[in-house]
Structures are given as structure tokens and as C-alpha cells.
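Peer 1: Sequence and computational prediction follow.
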Amino acid sequence: MEPLYFALSCYRRRNFDKCVQVCTDILEKQPLDQAAWCLKMRALTKRIYIDDIESEEIVVGDALDDDTVASAPRPGTSMKLEAALTARPRTSTGRPITGINRPGTQMRPGTSIERLKTARPLTGQSVRAIRLGTAAMYSHRDGPFIQVSRLNLIKYGKDPCLSKPLFEYLFYHEGDVRNAMELAVQATQANRFEDWWWKVQLAKCYNALNLVRDGEQQLRSALRQHTHIETFIRLIRIYLRLDQPLSALEICKAGLTTFPNDVSISTEVARLYEGLGDVQLSVKHYRNIVIEDAMNTEAIACIGVYHFYSNQPEFALRHYRRILAMGVHSAELYNNLGLCCLYSQQLDLTMACFQRALDLAIDPLIKAEVWYNLSHVAIAAGDVELAIQCLSICLVMDSTHAPAFNNLAILQYKLGRTNLAKAYFNTAKNLQPSLFEPQKNLEYLQNRYLNTFE
Amino acid sequence: MSKTELNTSRWLEAHSDRSAGLTTLPKNLLLANVCGDGDYRLVLVDVNFNEDVSARLKVYKGTMLCSDQSLPDVPCALISFYVDNIQPKLPVLGVACGSDLLIYKNNKPFYKFSVPPLPISALEEDVWQKLCLATDEPYEKIVEALESIPFSELSGRSQMLLTLPPSDIENYVYKYQNVELRRTCPITCMTTLYRNSEESTSISYPVLATEFGQLYILDSQTFTILHEARVSNTKATPSIVVAAGRYEVEFRILVACRERYVTLIRKNWLEGKNLLQTTASIVDMILMPGDKFVCIATSDKMLNCYSRRGNKLWTVEMAQTITCLSLLSLQHLSLSLIAVGMQGGSIQLYHSRHPVDYIPAPDTPSAITFGRMGQEEHVMVIITLGGTMNFKILKRTADFGLNQDTGISPTIQSKPLPLPKRSKLFLEQSLREKQNPMDMHQSFQQDLIRLRLTSARTLLQINSDQSGIGNTKEQIKLSAQVLGLGPKFTLILTLENMNPEKALIQLSAIFHCNPENYQLSLYVLPIPLIPPGLTYKIHNRVVECINENLPRDETQGNNTIRVFIVRREQIQPVLAATINMPPTDPLAFTM
């Protein structure tokens, strides 16, 4: 078979490694074969490509951001929710717990300044993107495929066939945002600022370099030329980064008038409302999504969570069972099923679910959460000793679990060990200052002490 | 309620005299038309608690002192009432001093009524006869006989005698040699009761209650006892008495006792009935006019309201200890408010259980009264513990915002709890529960036992790591924090002593790691004494050795540092912890 045809076939069958190998062979024979070169670039890119829309971490209150306007925004205009009194518990970073893990919801715990010290410096570029670059570099021990510094970007920018694959290669595979942007600038100029695709790519680069406002301009300009769902979503993301949820909502509305009932944009709307604390509207949108796409896990999970926290665990149970039937098999899901069973009094099924969750949990943080929930089972059964054991295990797995410290302190207080309780309350307070329970409990202890003293 | 009314006070500050130097106890303050000229005067008792305890009855016209007379004893209560229908109508003042009721008319002493003395036991009489006869027998012997009588049934003179040192007995006996032995009965509280009309200027009778639980209703014209009753069938010492109704028709007298009872006495009853009992001592009690609720302030900062049958209707907890109560009847608004004076100098007005106004006072109010003063209709007089006399006039426009419904009921209660509807699914599930409860319970119990086993097993497995929760037996807690991006880290260990009594001594920290991976700035550290409740921080600098040849595998667990806290001459470590070090990004390192 003709090697290039074989390589193309491999590429179509998503056998990228084989495709790369064949292309390398062709390029060894004919180093200037542009088709093979292009195909190899595309294969290498595709091999590691993941949807970068979802992987983007939205850093609310970016510490290095100098576009911040108001430090005390008006209520309802910011995602920085302080102590909006909703019944739902919050994650350690202070966000409402949602039905599904998203990049924005799974940040490392600790106060923001500590996060700065421990984690990578906060930039617009996601951690995952940096990792991808690393992985790509290590896969080629015999030297890089393209010497980026030697590329004549102006020449390639003018080439309509090669410029786009080269850009994607640079952006995704090499992780070299600066050169990718250079190429994008050249290509946009070559197209006389008329190609919306290049504007979106430029916005991606600006976004990665934390030039958010420039990215916004590019995306708006791209939308004027061509309406595309991806462009809408990227623009929404930019407003989220700028902490302007209302502008983001406007973009959503504009997007939904062009693409009525679109699932991706509706998901954005639902998430936005959730972030703003309007759970009811959020659930309304999730319900619409389920009508459009009955297999949408995120929507089903979020509706389940809504039912759980609005005191209808039986409905939540039904939604989670639906997800289970769809083939999801994870510790988190079994954990949630166990909790729903416990609170809807299906006691015989409770522990079966939790046992599976324990078996499936590998990550110590997840294990810690499962043990934390098991402590609730123990409390419901009235076994304080067991509850203390469960919480101890939870804290060994994750020593920064502030609610566990709080609950442990309450149990110790019930057993009459006030000093231990006080120490644990203080730890909980220090670990997560946004949590108001330890604060209140400490005040209560202090008042009791004062009263007995009087 | 308009916005301006919210902010500005409903009260006009009429007069405030911080140098008045008054010491006025509750129930010793009233406003009355004592001269009959329609110009209501402020009448109060000023007590001097210095070296020689004395009291004075003072009458103020406006802010001017117009009458000041000394009283024989410290009075317990002050009342004013009308004795006849002769024009011009002139109320008399009644002051309860010891066992006497002193009546003043037109600011002049008018009559003195004494509560009949109690019978004296024969033995006591005998003892005093012997003492006065001055026989050869030593006094101590005679006095010993008194000790067989219960102390509370002795006369005051004998009680005093028993407390004296033997050397003073002779003088004491000599002093009282020729005075008749009496067992007086001090009045503890007093109020008035209308005869047959509830108009404010109609004739009313004084009601007295004594230390020994007797209640007397006197005729205000002849000053004879009309009715006598026991306050309670148990031992009860009245402290506050309030009355409602008319003597000739039907009346209710409520007596609050120091034993925390409130008893009820009605017409023709010879003995009171216990109506209710409070958990804390009763500070003050007032009867709400009209609906006959009784409001009781107790020493545990509570304001309680009880129905006429003694059922508790509501309680409100105050921020401060309550010192006195006063009733504010606003007839033009057909409204009765309770003024609650509190420790620290604040007065809150309550309309049933809802606070409607707040009045700052110069300091802790000791007595409050409200009524007509001079020509002014609604005046509040506050006498504070510090001796300040303060007059406040209620503005005519004040309606306490009670016309709007929103002002009264708290917003929390108007909203029902957001309970979800009972769903069909729920019913199905509960049906399942009903059908096989035994099986469900048994399997859950089995699962619980299994959970206990699992948790115990897990605890054993992770015994080597006690960071976070710490050692509860030794009450030590360790928390670790890793700072830095790598390859240089700082490890901060915080050791907390949770024991409230004992200090931590003889401890040292040992750090354990694979030297091929990490280099530490210290490996063994003796820990100094940690006092109870305090923490000690250990900083340890960690350098990761980057070895290009060794492919680093995070799952093998060689990126951990273990910490042991050991006590000297003890084999087992007190505390052990495993710290997972974050991986250094090779990219960041090479860049």
C-alpha cells in the first residue's frame, strides 16, 4: 500500500502512534514532503488532544490579575460568594457543592495565599496544559520533531494549508503559546483579518497569556463574522475569568437565540446560575438539558444533588440510580447512593453502597470523603465511638478536612472532653475560615464556659 | 412607621439630674395627685444605706423638691389611694415601715396602722420573765432554753439575743427590761385594691402581705382588717403582691414569693392556691390590665408571661439581667407595654413578646414608673442605681409602629418551613419499609457490625500515620504543611498540646526519609517544654535530590517523609505521621 495512504488510514482509525511512525519513515526518505509532515503534526496533536474548553481552570479572584475593578462587588454580580446563606454545604474553597466535578470545583484546599505558595503560580494557562507539554517532550528522547525556534513563522502564516495544523501542533503538542501566537498573528494578517478561526485561536493564546481583555475583543470580532458555539463558550469563559457573571449570562442568551436549546450553552447557563446561588433556575436549565439529551450525566447529577439538599433524598436516589444504569461506576456515585439510601430510610441498602464506594476509592481524598459520610451513618445509628473512628480515619486520609474536625469536636464535646473539642474546633476554623460552624460552636463553648463561671 | 420615626427617639428628654443622689428601691416610686390640685407629684422614698440607715419620704413638684420628711424605718413599699369621695378628691400615701402602715394625707402624718403581732410561745415568755427578774442563775443557762424553739418562731428580740456574745447579754437584757415582749410581723409588700369601682379616683383598699405569709385587706376609712388570709398552705414569704378586680364584686390577688411560687387569692378564700412556680428567682411581676396576663421577670434574664390559669404563654430572653419592670398603659392607643429595665442602663419596651422600643438610661435603672406628672400625660420617671433622676416625656405622635402588622411579628415566623411535598416515590419507599421492617433492620445491624470491623481494621493499618487528629490519649496533635514548589521545600510541623493541665516534656522529633530522595536540614530535634494549650512549630528545610538516572515512581512511596515524636526511654513513639511530599516538576526544574 502506498505509505501516505496507509498513514492516512491509520489516522482515520485513530491509530495515531502507527500513523506517526509511518510518517516518520516517509519523512526520512523525503524530508520535504509537506503532506507527510502535515499529517504527522496532526497525528501528534490528535494523540494528546483533549477538549481544552473543559480543562480550563477558572480562577476567580486571580491573585496576579490587575484587571480587577471592585473588591466588594454588588450582590448577584460576582461569583465570589462570601456567606450567602444557602442550605447547601460548600467545598473547601467556598464554592457550593455541585453534582459533578469540574475543573473549577476541585481546587486544592487551603487559603488562597497558601495555595499561592504551594501550587504552581496562578496564570491563565491551566496546569493540565503544562503537563501535556511535558509529556510530549519526554516522549521524544531523540530530539524534537520540529525545531520551533528555526521555523519561519511568516512564511507558514501565509500558507493556508499548513498554518492551521502547525498552529495546533505548537499550541497543544509543544505548549509553546508565544510562538503559536506569533503564527496566529501572521496568519490573521495574511487573511486580512477576515478569518474567524484565527481570531478564536488568537483569543486562546491571549487567554493563556492572561491578556483576557484582548482575548475578549478577538472573540467578539470572531462572533461578528461567524456564530459558532465554541466561540460563544470561550467568550462566556472569559467573562467568568473576569468575574462578570451577568455579562456571561448575556452571551449565553445571545448564544441560545442563535442556537436554541443547545446543550453546551444551556449547561453553561445552568452552571452560572448555580455559581450565583440561584439553584432553582439552575435546576430548571438542567431539566431542559435532560429533555434535549437524556444521557447528560452532569445535568442528571446536578438535579440529584438539588433534590438531596431540598430534603427529597428519594428523588435524588432515583437520579443517581439512573446514572448508575448508564454505566458510571465510581466511588463518588456509590457514596452518594449510600447517603440517599440512609436519608430515605432504605437502611438495608446503605452499607452495601458505602462498601462499594470504599472498595472503589483509591485517591485518599475520596476515601476521606467516604469515611466522613460513613461517620454520618454511625451517628444516625447512635454509635458515637464508631463515628469518632470514622472521622479519625477520614482525617488521617485528609488532614485538612475541616468539617470532619468540626464534627469530631462536637462528638468529643458530647463525651465530655471539652479541651479536645476546643482544639479541634480551632483547627477546623484555621483550616477553613469560610466555614461558620466551628466559629459558632466555639462561641457557644465560650459562652457556656462564661456562664458556668458566673 | 416612617423612616424618620425609626431613627429619632419617641421620647423627649425632659430632665436628667445625675447629682440627685437618690437611692430608691423598686416599688418605692409613684406619681400621685397628692395635693388635690390636679398637678401630679412625684413621690419617692430615698434611703440612706450609710452608717446610720435612714429613709426620707420626698415629694417633688416638677423637678422641685416640695416636701421632705424622715421615716422611722426603711420602707418596703409605697402606695397611694383614695379613702373617701369628699371633694376635692385627695389621695393618701401609704408607707409600709416594719410592721406599720403609715398613712400620710396632704404630706402630713395622718394615721398609723400596725399589723397585729403574732402569738409568743409560753416558753419564750417564761425565759424573758426569768431574765428580767435577774436571779442568780447565769444568763447562758436561761438563754439555752430558747434554742429548743425554731428560730423563725422566735420574736426579733430573742433572735438578736441568741446571736450576741455572752458578755453583751446583760446590757441587752437591761435595755429591754421594761418593754413588752412582742413578736412583730414585718410587712414585705403592699398594693391597693378597688372597692367597688375601677375608676382611678375611686376608693381603694390597701393590701398588705407580711413576712410570715399573712395577707391583710384593710378598710381605708376605718383602718380595720376586712379580710385576712394565708398566702399559701406551704411556707412562703411574699415578695411582690399585685391585685386586680373589685373587693366587693370579685378580685384576684397574686403573690410572688421568695420560694419562687406565685399564689392566687380570690374573694372569701382563707388560703392562697399555688398558681405556678418558676425555675429562677422572681425579680418583678406585673399584671397586664384587661387580658389578665401576668408578666414575671426572673433572675435568669427571662421575661415570662403566664395566663390567668398559670400556663406559660411565652418567654423572652434578655441580653442583660433584668432589674425592674414597669407597666406603660397608653389609653389613647389602647395599648399596654412593659418597660424592662436592665443591668447596664437600657430599657426595652415590649408589646407582648415583641420589642417595640429601646430607651437608653444613664446607668442601671433601679425603679421606673410611668404616668401623669404635672400637666403632662405620659411621663416616664427613671431612678438609677447611681442616683440619677431622669424624666422622659412620650411624644404625642408615637404609636410604636403597631398599626402595621409587619412591625410586630418577626419575619422568620411568617415564612413556613420549606418542607417538600410528600412524593409518590416516598410513599412507595415507606411501604417497602412497612412490609419488611425486620429484614431491613437486621441487615442494617449486620452491616453496622461489619462497618465496625472495617473501621477497626483500617485504623490498625494506618496506625503509623497520626497527623491531623493526633494522639487523643496523650492529647498531642501534629499538623504538617509543605511549602514551596520544589526542589526546595519547607516543611512546617505544628505540635499542639491539647492537655489543659500537663505540659509536654522530654519529647523529640525524628525525621525519617530515603537519603537518595531528600536531604533535610535536621533529622533529630529535641522539643522543648510545651505548656498546656500551646503549640510549637518546627521548620525543616527539605531539598529533593534530582537524580536523572533513577526514574521516579510516585506510587512506590519514596516521596514520603515520616515523622516520629518519641518520648525519652520509651520504645513506642508517641505519635507518628507520614508526609507526602509534592512532586517537583522536572520541567520547572530544568527551565
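Peer 2: Yes, it's here.

Peer 1: B:I505 - how many residues pack around it?
Peer 2: For B:I505, the count of nearby residues is 11 (other C-beta atoms under 10 Å in any protein chain shown). For every residue, glycine as well, the C-beta is placed using N, CA and C.

Peer 1: what residues are up against it?
Peer 2: Going by C-beta atoms under 8 Å, 6 or more residues apart in numbering or on different chains, B:I505 touches B:L529.

Peer 1: ok, now with 10 Å
Peer 2: Going by C-beta atoms under 10 Å, 6 or more residues apart in numbering or on different chains, B:I505 touches B:527-530, B:567-568.

Peer 1: Equivalent analysis for A:N15, please.
Peer 2: Here A:N15 is in contact with A:7, A:9, A:21-22, A:43 (criterion: C-beta under 10 Å, 6+ apart).

Peer 1: What ranges in the chain fall below the confidence cut-off?
Peer 2: Answering for chain A, as no chain was given. Counting by pLDDT under 70, chain A has low-confidence residues at A:54-76, A:78-144, A:452-454.

Peer 1: um, chain B though
Peer 2: Applying pLDDT under 70 to chain B flags the ranges B:1-8, B:134-137, B:291, B:401-416, B:463-473, B:486, B:546-558, B:584-591.

Peer 1: Domains of it: list them as residue ranges, please.
Peer 2: B:122-175, B:468-590 (automatic domain parsing).

Peer 1: quick one: the longest one to chain centroid distance?
Peer 2: So that's domain B:468-590. When distances are taken as C-alpha atoms, centre = their mean, to the nearest Å, domain B:468-590 is centred 51 Å away from the chain's centroid.

Peer 1: Stretch B:441-454 too?
Peer 2: 48 Å.

Peer 1: do the same with stretch A:366-379
Peer 2: 24 Å.

Peer 1: what about that stretch and chain B, any contact?
Peer 2: Yes - counting by C-beta under 10 Å from any C-beta of the partner chain, contacts between stretch A:366-379 and chain B involve A:367-368, A:371, A:374-375, A:377-378.

Peer 1: Can you give me every residue that contacts the residue lying closest to A:L386 once chain neighbours are set aside?
Peer 2: In space, and not counting its chain neighbours, A:L386 is closest to A:A378: 4.0 Å by C-beta to C-beta, 6 or more residues apart in numbering or on different chains. If you count contacts by C-beta under 10 Å, 6+ apart, A:A378 has them with A:384-391, A:411, B:448, B:451-452, B:455.

Peer 1: of those residues, closest to B:L337?
Peer 2: A:L411 (45.9 Å; C-beta to C-beta).

Peer 1: The one helix or strand the closest one maps to and chain B, any residue contact?
Peer 2: Using DSSP states H and E, A:L411 sits in helix A:402-414. Yes - interface with chain B: helix A:402-414 contributes A:404-405, A:408, A:412 (C-beta under 10 Å from any C-beta).

Peer 1: Which member of these is positioned nearest chain B?
Peer 2: Closest approach between those and chain B, by C-beta to the nearest C-beta: A:L408, at 7.0 Å.

Peer 1: pretty sure that closest one is touching A:V396, no?
Peer 2: No - contact between A:L408 and A:V396 fails when scored by C-beta atoms under 10 Å: they sit 11.9 Å apart.
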